[in-house]
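[1] I need the structure of the sequence given here:
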Amino acid sequence: MIERSTAVFEPGAASRDDFAAWDSADPLRAHRDHFVLPEGVLYLDGNSLGALPKATAERVRQTIEQEWGHDLIRSWNSAGWIDLPAVLGDKIGRLIGASPGQTIVADSTSINLFKVLSAALALSPGRRRIVSQRDNFPTDLYMAQGMVRLLGGSYELTLLDDDPDAEAIEGALGSADDVAVLMLTHVNYRTGRVHDMVRLTAAAHRAGALAIWDLAHTAGPMPVDLQAADADFAVGCGYKYLNGGPGAPAFLWVAPRHQEAFAQPLSGWLGHAAPFDFDPAYRPAPGISRYLCGTPPVLSMIALDCGLDTVLAADPIALREKSMRLGDLFIECVEARAGEGSGLVLASPRNAQERGSQVSFHHPQGYAVMQALIARGVIGDFRAPDILRFGFAPLYLRYTDVWDAAEALGDILESGAWDRPEYHRRAAVT
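    Here you go, the predicted model:
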């Protein structure tokens, strides 16, 4: 349990000067200097794409010019390129409660979910049901649907109603004796609601099932302990709060008890026990390395390494404390500034302990409102059908950013500035 600050914001009781004072006293304030942040932009979208660390460009340039340009193929050994999946995996492991050798960096979240879902089903013989929730992140659902089709329809995907509470999930697990896997995202991508990992993993195990956790919106600003939760498998991405850059490699974690119990089906050469023996027959590598597949994307992994260093440099308890306080203040500022009749309805839990590092609001014209905000330099994002989503990356977001973003949102709603044709035109990425 994270201890909360005793400071309480009451609408109208604090001024922007108070928020600036909190910035001055913020123990994390120096970490902001490690990022490239454009002047005039309030970046509340680190939950979708983390900001660029200042160290990344030089580190990638060095990799390109020296390691690739000069040392060429020798860098697989001399620069340790071949070890990057395990080295970065162990760094991520420090953020998710994993011991060395339990986490690997590879591929995308979708591909890694396919690997661990295959393993979980194979380790649950005679059971044919995958349980998830309807508003889980779509790629998780799509991969499960594809798995069901691949296995000839002998499995079934059961989706619980949107945003189910722990009792509903426990009820679904307890009412069937054929559940193989409980597959959940720890922090809901739309609402930010946090599942109780310990409780629901235990519920899955009581039902004879295994638990897969997607940590895409967790790793970084939220301490989590997979081993203490007795989880079975976990996946996550590197480009959100881990600041690895667009499309950064993802990660997966497998509990030690499962690592060598199954050879995942994407049996690429780097998951082989001895890849440079060039044996025509596949033999899975020991431990977590068998979850590798193809050659690691070195440049992307180098960028992710820089991003991970920015997170590991900070106190994880301080990160969570600040992220919760930023969210609390944003909710209170927005509700005080926007007022009744604005059309905004809080979609996230009001209790910060039940919320990830984001705050979401419903609005019937959410897309247009967000585009108007972005045009003013306040960058959040929109999630269909009506969610305005704001992420709070505590490494670089300031308290004054929260105040200014709330003011801009309130003004756009009050003035109706969002209702312009250009703000209603949908872009390819929302």
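
[2] quick check: P284 vs L150, distance?
    Using Cβ to Cβ, to the nearest Å, P284 is found at 20 Å from L150. For every residue, glycine as well, the C-beta is placed using N, CA and C.

[3] my error: substitute A204 in the last question.
    23 Å.

[4] what's the answer for F251, then?
    24 Å.

[5] now do L388
    37 Å.

[6] coming back round to it: so P284 and L150 - more neighbours on which side?
    Between P284 and L150, P284 has the larger neighbour count (other Cβ atoms under 10 Å), namely 18 against 12.

[7] so the more buried one bridges to which residues?
    Using DSSP bridges, the bridge partners assigned to P284 are H272.

[8] give the contact list for it.
    Counting by Cβ atoms under 8 Å, 6 or more residues apart in numbering, P284 makes contact with 260, 263-264, 267, 271-273, 290.

[9] buried among those? Need that as a selection in PyMOL.
    Of the contacts of P284, the buried ones go into a single PyMOL selection, burial set by 16 or more other Cβ atoms under 10 Å:
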select buried, resi 263+264+271+272+290
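
[10] okay, who's weakest in the contacts of P284 by pLDDT?
    The lowest pLDDT within those belongs to A263, which sits at 89.

[11] could you look up the SS state of it?
    In three-state terms, and counting by DSSP: H, G, I helix; E, B strand; the rest coil, A263 is coil.

[12] so who does it touch?
    282, 284, 290.

[13] rerun at 6 Å
    284, 290 (Cβ atoms under 6 Å, 6 or more residues apart in numbering).

[14] tell me how far it lies from D277.
    17 Å.

[15] can you check L395 too?
    Distance from L395 to D277, by Cβ to Cβ: 43 Å.

[16] which one of those two has more residues nearby?
    Neighbour count, other Cβ under 10 Å: between L395 and D277, L395 has more, with 24 against 9.

[17] test my guess that that one contacts D33.
    No. At 10.3 Å, L395 and D33 do not qualify as touching, with contact defined as Cβ atoms under 6 Å.

[18] confirm that I302 sits in a helix.
    Yes. Judged by three-state DSSP, I302 forms part of a helix.

[19] in what helix or strand does W253 lie?
    Per DSSP states H and E, W253 falls inside strand 251-254.

[20] ok, residues contacting the helix or strand that that strand is followed by?
    Of the helices and strands lying after strand 251-254 in sequence (DSSP H and E), the nearest is helix 256-259. The contact list for helix 256-259 (Cβ under 6 Å, 6+ apart) reads 287-288.

[21] below-threshold pLDDT in the stretch 1-150 of the chain: ranges please.
    Applying pLDDT under 70 to the stretch 1-150 of the chain picks out residues 1-13.

[22] where exactly do the helices run in it?
    16-25, 54-62, 75-78, 84-96, 109-122, 138-150 (DSSP state H, counting those that start in this stretch).

[23] for those helices, give me JSON lines that also has distance to S175.
    Shown next, in JSON lines, are the helices of the stretch 1-150 of the chain (distance: least, Cβ to Cβ, whole Å):
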{"stretch": "helix 16-25", "distance to S175": "48"}
{"stretch": "helix 54-62", "distance to S175": "49"}
{"stretch": "helix 75-78", "distance to S175": "52"}
{"stretch": "helix 84-96", "distance to S175": "31"}
{"stretch": "helix 109-122", "distance to S175": "20"}
{"stretch": "helix 138-150", "distance to S175": "20"}
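
[24] please name whichever of those is nearest to V181.
    helix 109-122 (4.6 Å; Cβ to Cβ).

[25] tell me the buried residues in the closest one?
    Buried, per 16+ other Cβ under 10 Å, within helix 109-122: 109-121.

[26] what's the answer for stretch 199-212, then?
    200-201, 203-205, 207, 209-212.

[27] which among these gets closest to T63?
    I212 (33.2 Å).

[28] doesn't M183 make contact with that closest one?
    Yes. Counting by Cβ under 6 Å, I212 does reach M183; the two are 4.6 Å apart.

[29] give me phi/psi at V311?
    V311 adopts backbone torsions of phi -80, psi -40, taken as degrees, to the nearest 10.

[30] quick check: it vs L215, distance?
    In this view, V311 and L215 are 13 Å apart by Cβ to Cβ.

[31] before we move on, what about G271?
    For G271, the distance to L215 - Cβ to Cβ - is 22 Å.

[32] got it, and F251?
    On the measure of Cβ to Cβ, F251 and L215 end up 8 Å apart.

[33] between the two, who's got more neighbours?
    Neighbours were counted for F251 and for L215 using other Cβ under 10 Å; F251 has more, 33 against 28.

[34] how about the contacts made by that one?
    With Cβ under 6 Å, 6+ apart, F251 has these contacts: 92, 103, 105, 236.

[35] perfect, I'm done here.
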